[in-house]
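**Q** Give the three-dimensional model of this entry:
(2 chains, ligands or ions: 3)
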Amino acid sequence: MPLLEVRDLTVSFHTSDGLVQAVRGVSFDVEKGHTLGVVGESGSGKTVCTQTLLGLTPGADVSGQALFDGRDLLRMSPAELQRVRGARIAAIFQDPLSSLHPLYTVGWQIVEMIRAHRHIARSAARARAIELLDMVGIPQAASRVDDYPHQFSGGMRQRAMIAMALALDPDLIIADEPTTALDATVQAQVIELMTKLQTEFDTALIIITHDMGVIAETADEVMVMYAGKAVEKADRRTLFYFPHHPYTKGLLESIPGSTAAGERLRPIPGQPPSLISIPTGCAFHPRCQYVMDRCISEVPPLFDIAGGHTSACFLPTQILGLGEDVDRERASAAAAGRAENGAAARLAARATEEIETAGVHLPDAGVLAGAGMSDRSRGPRTSQNSPDDAGTQP
Amino acid sequence: MLRFLIRRTLTGLLVIWLISVVVFAIFFIAPPNVAFLLLGKFQASNQQLVEQVTAQLGLNKPIPVQYWNFLVRLLHGNLGYSYYSHEAVTTLIGRALPVTASLAIGAAIIWVVSGVLIGVLSATHPRSIRDRLATLFALTGLSFPTFVLGLILLFFLFYKLHLAGIDWFPGSGYVPLTQDPWQWFLHLILPWITLAVASMAVYVRLARGQMLEVLGDDYIRTARAKGLSETRVTFRHALRAALVPIVTQFGIDVATLLGGAIVTEQVFGLNGLGALSVSSVVNQDEPVIIAIVLLAAVFVVIANILVDILYAVLDPRVRLE
Ligand SMILES: Nc1ncnc2c1ncn2[C@@H]1O[C@H](COP(=O)(O)OP(=O)(O)OP(=O)(O)O)[C@@H](O)[C@H]1O
Ligand code: SF4
Ligand SMILES: [Mg+2]
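**A** Ligands and ions are numbered 1, 2, ... in the order given. Down below sits the predicted model:
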């Protein structure tokens, strides 16, 4: 049985502008000790989807099911949910500065979390906090434990958040863009630390990002989200080498330095839709160069492709992967699905034109090397992790 | 931090000194006929007596000398004698100060604590009945002139109850705390409420606004994600952060306390600094007026320094600068 089993999760907000359908029927599983990567453009519902699991989206209309260890998170009483939060499911957020309370010391905030769930003495909790800070690579943890967040550097703050998340040895950590606010070099160190500790603690991890590079380094399974839906789900290898959905293909082609782009850096043309007025049929259709007639009127369900690989796209399920040959197959399959001068044909022509003009020529680079796509074996990692910096001294 | 405090204290002293000059200038350069006031209508026609009194008070000396004498006396804690009652000004103030201090401190505690509490409770449930009632209360409180509220309280809680044979609240007067704490408390309840309500309304709005803003902050989400109770999230995390701007506002409001106290003291027949300043202005009793103005200046300066210290205690980013 998976550790977390989310079924048909739907979340919407009533706003003065209208009903925001942030998450529209998303299902996924997270296995014990595994990492699920959730990727998608800004506004695709990644944050709402995961925060709803912890009851952190006040004012939302929620339906569906989220079985965690057999119990439905969405139907727990506030008191029950309180016991799960932090202790069994911990969270790490995007901006570690704004996510830590500016008026309490880092140590105080970790101690508070420990003592909210365990009946231990303050001094014991403090010793544990120092131990945790030391473990995540904070130098002189015994004295820095009394520092305020503003005295830490960005990388150290995120390390402190990681320490806090690990404090009670949770079964699952939800990391929402844990590195987006950090410098590139610090990003790599934080990701490395997270994956190392995750293996050590055998914690399951949901990592949310719009960076395919982060997915390549961390995820076992990947879920691609678009306009509040999961549009493609697969294990990491399959997703990177044999993507089916044109949106996933677009995400991969926009990684700088990947030959998936065929010497080109191609951002996905157009804007993600407003979640108040979502396009009919396939929500991606206004931006898709393979749009067919049925895409405008019919909502594509998640089709099974092979062994757990699913994709919500009407293109034939055997057309997988990247590169010009596959693209030609996609194009001809799409052409077959279009009336000569129909709306779909016009949309496709426009999307293709936009892609042509948006393409930026880049020098060739190694296959997906830029995305850090190297085979990662599970089990203890040998990589060293060094403190990113000493931080600002008070 | 220490340097900051020293600088604040020095500027505070400068402000007090400037005020002493201004006050001196206003009252001593263009004095009313002091001798006339002191001697009364009949004796004022006696030229010799007038000159004698003027010389006694040093009013015939050059103005800089007069100011110097004034300053020296001031530094010795001698504020002169009332032209009117001939009592030492320090004695008059010493009698009035405890009354006003009791009134002001009590009212400030009531308005800050209950204002903030009501604001917090309405912010945690925005647009609920409780929130709307708090808003209604705040608007009513703000639009009530202090003396009207005082009179209404007197009418219902003193006069009407008294007619009904219930004497819970005294209608006027003051009993020193040292003499009888319970009577002290009873005598001050109505004045406290009167003085507190208008300011309390300001704090309800302020606390509500601050709390609503803070409750949307990322670290509140973190606090909830840690598995803390909603009470702890509200008070230990959100209110703690909202407190900083509230304290700043309090520093500003302290200065206006005296103004409110004057009206309240009149309504409830309390012989505090408010009543003393009114009578001294009516009687043109300069030494008393000067003493009260200086006292108010010192009070405001000290209150501001205290607020700065409190600010630093509350916010480590200020403290550790
Ligand atoms: N409390 C709320 N009230 C109304 N709309 C909301 C609320 N929270 C989120 N939304 C909307 O839900 C949609 C999905 O937001 P979400 O934060 O989940 O996106 P995301 O995929 O995490 O994006 P990003 O990458 O920018 O973090 C957005 O359009 C957002 O405006
Ligand atoms: S081909 Fe159709 S179903 Fe597939 S992504 Fe494009 S628009 Fe959507
Ligand atoms: Mg997000």
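
**Q** residue in the stretch 201-321 of chain B nearest to ligand 1?
**A** The nearest approach of the stretch 201-321 of chain B to ligand 1 comes at B:G216, 9.3 Å away (CB to the nearest ligand atom). Bear in mind the C-beta positions are built from the backbone N, C-alpha and C, glycine included.

**Q** What helices and strands are in contact with the longest helix belonging to chain A?
**A** Using DSSP state H to assign secondary structure, the helix with the most residues in chain A is helix A:184-201. Under the contact definition 3 or more CB pairs under 8 Å, 6 or more residues apart in numbering or on different chains; DSSP states H and E, helix A:184-201 sits against helix A:154-166, strand A:204-209, helix A:212-218.

**Q** count of residues packed around B:E87?
**A** Counted with other CB atoms under 10 Å in any protein chain shown, the neighbours of B:E87 add up to 12.

**Q** wait, doesn't it sit right on B:Y81?
**A** Yes. B:E87 is within contact range of B:Y81, at 6.7 Å (criterion: CB atoms under 8 Å).

**Q** List the buried residues in stretch A:30-39.
**A** Within stretch A:30-39, the residues that count as buried by 16 or more other CB atoms under 10 Å in any protein chain shown are A:30, A:33-39.

**Q** Against A:A175, how distant is the nearest residue to A:A181 once chain neighbours are set aside?
**A** Leaving aside its chain neighbours, A:A181 sits nearest to A:D95 (4.6 Å; criterion: CB to CB, 6 or more residues apart in numbering or on different chains). Applying CB to CB, to the nearest Å, the value for A:D95 to A:A175 is 13 Å.

**Q** Neighbour count for these two, which is higher?
**A** Neighbour count, other CB under 10 Å: between A:D95 and A:A175, A:A175 has more, with 29 against 19.

**Q** Quick one: classify the more buried one as helix, strand or coil.
**A** With DSSP: H, G, I helix; E, B strand; the rest coil as the basis, A:A175 sits in strand.

**Q** roughly how far apart are it and ligand 1?
**A** 12 Å (CB to the nearest ligand atom, to the nearest Å).

**Q** I figured that residue hits A:L205, correct?
**A** Yes. Counting by CB under 8 Å, A:A175 does reach A:L205; the two are 6.4 Å apart.

**Q** Overlap of the contact sets of the two?
**A** Residues touching both A:A175 and A:L205 by CB atoms under 8 Å, 6 or more residues apart in numbering or on different chains: A:M194.

**Q** At the geometric centre of the chain, which residue sits there?
**A** Using chain A here. What sits nearest the mean C-alpha location of chain A, by CA atoms, centre = their mean, is A:I208, with 2.0 Å.

**Q** my bad, chain B
**A** Centroid check for chain B by CA atoms, centre = their mean gives B:L257 as the closest residue, at 2.8 Å.

**Q** hang on, A:A234 in a strand?
**A** Yes. According to three-state DSSP, A:A234 belongs to a strand.

**Q** Spatially nearest residue to it (excluding sequence neighbours)?
**A** The shortest distance from A:A234 to any non-neighbouring residue, by CB to CB, 6+ apart, is to A:H309 (4.2 Å).

**Q** Can you tell me who the one you found pairs with across the strands?
**A** A:A306 (DSSP bridges).

**Q** For burial, what's the neighbour tally of it?
**A** 19.

**Q** for B:V23, same thing?
**A** For B:V23, the neighbour count with other CB under 10 Å is 19.

**Q** Name the SS class of it, please.
**A** Under the three-state scheme (three-state DSSP), the conformation of B:V23 reads as helix.

**Q** For B:R127, see how far away it is.
**A** B:V23 is 51 Å from B:R127, by CB to CB.

**Q** So for the longest helix of chain A, what gets flagged as buried?
**A** Within helix A:184-201, the residues scored as buried using 16+ other CB under 10 Å are A:186-198.

**Q** pLDDT averaged over it, what's the number?
**A** The average pLDDT for helix A:184-201 rounds to 88.

**Q** quick one: A:V38 is in a strand?
**A** Yes. Counting by three-state DSSP, A:V38 is part of a strand.

**Q** Dig out what it forms beta bridges with.
**A** Going by DSSP bridges, A:V38 is paired in beta bridges with A:I208, A:M223.

**Q** show me the contacts for A:G270.
**A** Shown in contact with A:G270 (CB under 8 Å, 6+ apart): A:286-287, A:351, A:354.

**Q** if we go to 10 Å?
**A** Listed by CB atoms under 10 Å, 6 or more residues apart in numbering or on different chains, the contact set of A:G270 reads A:284, A:286-288, A:350-351, A:354-355, A:358.

**Q** Same question for A:I305.
**A** Per CB under 10 Å, 6+ apart, neighbours of A:I305: A:232-234, A:238, A:242, A:244-245, A:311, A:313, A:317-318, A:320.

**Q** Please repeat the previous calculation with a cut-off of 6 Å.
**A** Residues near A:I305 by CB atoms under 6 Å, 6 or more residues apart in numbering or on different chains: A:244, A:311, A:317.

**Q** so what's A:Q271 up against?
**A** By CB under 6 Å, 6+ apart, no residues touch A:Q271.

**Q** pLDDT score for it?
**A** At A:Q271, the pLDDT value in this model is 86.

**Q** before we move on, what about A:Y290?
**A** Looking at A:Y290, its pLDDT is 93.

**Q** got it, and A:Q393?
**A** 42.

**Q** for A:F28, what are its contacts?
**A** The neighbourhood of A:F28, defined by CB under 6 Å, 6+ apart, consists of A:6, A:223.

**Q** Assign it to helix, strand or coil.
**A** A:F28 falls in the strand class when you classify it by three-state DSSP.

**Q** measure it to A:T47 for me?
**A** 15 Å.

**Q** Which single residue of the stretch 101-250 of chain B approaches chain A most closely?
**A** When scored by CB to the nearest CB, the stretch 101-250 of chain B has B:G227 as its residue closest to chain A, at 3.5 Å.

**Q** Now do the phi/psi pair for that residue.
**A** With angles defined as degrees, to the nearest 10, B:G227 sits at phi 90, psi 30.

**Q** can you list the domain ranges for the chain.
**A** As the question left the chain open, I've gone with chain A. Following automatic domain parsing, chain A resolves into domains at A:4-223, A:227-358.

**Q** switch to chain B, that's the one I care about
**A** What the record gives for chain B is the domain set B:2-89, B:95-314, from automatic domain parsing.

**Q** Between those, which one is closest to ligand 2.
**A** Using CB to the nearest ligand atom, those put domain B:95-314 closest to ligand 2, at 33.6 Å.

**Q** chain center to the closest one: distance?
**A** Distance, stretch centre to chain centre, for domain B:95-314: 10 Å (CA atoms, centre = their mean, to the nearest Å).

**Q** What about the residue of the stretch 101-250 of chain B closest to chain A, how many residues nearby?
**A** 21.

**Q** That one is in contact with A:I89, isn't it?
**A** No. Assessed by CB atoms under 6 Å, B:G227 is found out of contact with A:I89, at 9.2 Å.

**Q** Mind checking the pLDDT average for stretch A:319-329?
**A** The average of the pLDDT scores along stretch A:319-329 is 91.

**Q** end to end, how far does that stretch reach?
**A** Start and end residues of stretch A:319-329 are separated by 7 Å (CA to CA, to the nearest Å).

**Q** which stretches of chain A have low pLDDT?
**A** Applying pLDDT under 70 to chain A flags residues A:257-266, A:358-394.

**Q** the strands in it, which residues?
**A** With DSSP state E as the criterion, chain A has strands at A:4-15, A:18-30, A:35-39, A:60-68, A:71-72, A:89-92, A:172-176, A:204-209, A:221-226, A:229-235, A:264-265, A:303-306, A:309-311, A:360-361.

**Q** Looking at those, which is nearest to B:A164?
**A** With CB to CB as the measure, strand A:4-15 is the member of those nearest B:A164 (51.7 Å).
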